[in-house]
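Enquirer: predicted coordinates and the sequence they were generated for:
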Amino acid sequence: MHNTCLNCSEPVTTKYCGNCGQKTSTHRYSLKHFIEHDFIHGVWHVDKGILFTLKELFTRPGNSVREYILGKRVNYFNVITLLLLTATISSLFSHYSGMDYSVLVSDNVKETMNSFQELTTSYFKIFLLLTIPFNSFFSYLWFRKAGFNYSEHIVLNAYKTGGDMIALLILTLITFLFNNSATLITAYFFAFTIFSLVYGLWFYSQFFSQSGYSRVSLFLRSLMIPVSFIIFQSGAGFIGGIMVSFLKTL
């Protein structure tokens, strides 16, 4: 039990903080804690604080998530529930918007696409969720001196992806105003790519702003997270394509 509440810093002597109500058993993240509490609790329970969480994600994303990881959790919406809700709602709107991502890919290209590439094209929101552990590895690699463990990097990247999913939801709603076309889908992905890049730089720079890095180092290390993933994705796609082509010849 902590001597002070991690959420409000008030002295505590009982199981719950008398000032804000947070459990005094709240602690740093570990893989066991993430699976047993956040994943299971996030799937089966809906917490309070979704509006507050959304406000924080788009006004002070990195600072708020750092505070959350370090213990100030009583006001925040569970990250797993946030991802499930935004992915479900966004997918539902995408279905009724009539957006056809396949218009971006020619028939000749489709024949050479491996399973991974088909997944990223047809199920983009699922792909975003699958990127969380990989981006967490790269953020852990580039900011390993900050002292956060891999499980905590999963949490921070999950919230970052939550912000991305909200942006996708808003962009999907905008597409209802236009007719489905290759130009619309291209603009949709371009707008999201620019948002995700800028949001990611802002998010990571804020999150690690108190970890002893200079502003230049913060910017470059934050930029290297998506760059590292793009290189990894390209390499995985290339190797996967070779393996698929080889198997077809057998």
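Expert: The structure has been received and is ready for your questions.

Enquirer: in this structure, which spans are helices?
Expert: In the chain, the helices defined using DSSP state H lie at 31-33, 40-44, 50-59, 61-69, 79-97, 107-112, 115-122, 124-130, 132-142, 150-175, 182-207, 215-249.

Enquirer: show the pLDDT at the residue nearest the centre of the chain.
Expert: Centroid-nearest residue in the chain, with Cα atoms, centre = their mean: Thr161, separated by 1.8 Å. You'll see Thr161 listed with a pLDDT of 94.

Enquirer: look up how far Cys17 lies from it.
Expert: Distance of Thr161 to Cys17, given as Cβ to Cβ, to the nearest Å: 30 Å. Bear in mind the C-beta positions are built from the backbone N, C-alpha and C, glycine included.

Enquirer: over to Thr193?
Expert: 42 Å.

Enquirer: who has more neighbours out of the two?
Expert: Cys17 (23 against 11; other Cβ atoms under 10 Å).

Enquirer: show me what contacts the more buried one?
Expert: Listed by Cβ atoms under 8 Å, 6 or more residues apart in numbering, the contact set of Cys17 reads 5, 7-8, 10, 23-24.

Enquirer: among the residues you listed, name the buried ones.
Expert: Neighbour counting with 16 or more other Cβ atoms under 10 Å marks 5, 7-8, 23-24 as buried within those.

Enquirer: of these, which is the nearest to Ala187?
Expert: The closest of the buried ones among the contacts of Cys17 to Ala187 turns out to be Asn7 (Cβ to Cβ; 42.0 Å).

Enquirer: quick one on the thing from earlier: most widely separated two among the contacts of Cys17?
Expert: Across the contacts of Cys17 (Cβ to Cβ), the longest gap, 13.5 Å, separates Glu10 and Lys23.

Enquirer: residue ranges with poor pLDDT in this structure?
Expert: Within the chain, the segments meeting pLDDT under 70 span 1-2, 25-49, 95-123, 237-238, 240-241, 243-250.

Enquirer: ok, the closest residue to Thr4 other than its chain neighbours - contacts?
Expert: Nearest non-adjacent residue to Thr4, counting by Cβ to Cβ, 6 or more residues apart in numbering: Pro11, 5.7 Å away. Residues in contact with Pro11 (Cβ under 8 Å, 6+ apart) are 3-5.

Enquirer: reformat those as TSV; add distance to Lys55.
Expert: Shown next, in TSV, are these (distance: Cβ to Cβ, whole Å):
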residue	distance to Lys55
Asn3	31
Thr4	26
Cys5	22
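
Enquirer: what is the nearest of the residues you listed to Arg144?
Expert: Closest to Arg144, out of all of the contacts of Pro11 and judged by Cβ to Cβ, is Thr4, at 27.8 Å.

Enquirer: mind listing what that closest one touches?
Expert: When contacts are counted by Cβ under 8 Å, 6+ apart, Thr4 touches 10-12.

Enquirer: distance to Ala146 for the residues you listed - can I get that in CSV?
Expert: Formatted as CSV, the contacts of Thr4 follow (distance: Cβ to Cβ, whole Å):
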residue, distance to Ala146
Glu10, 27
Pro11, 28
Val12, 27
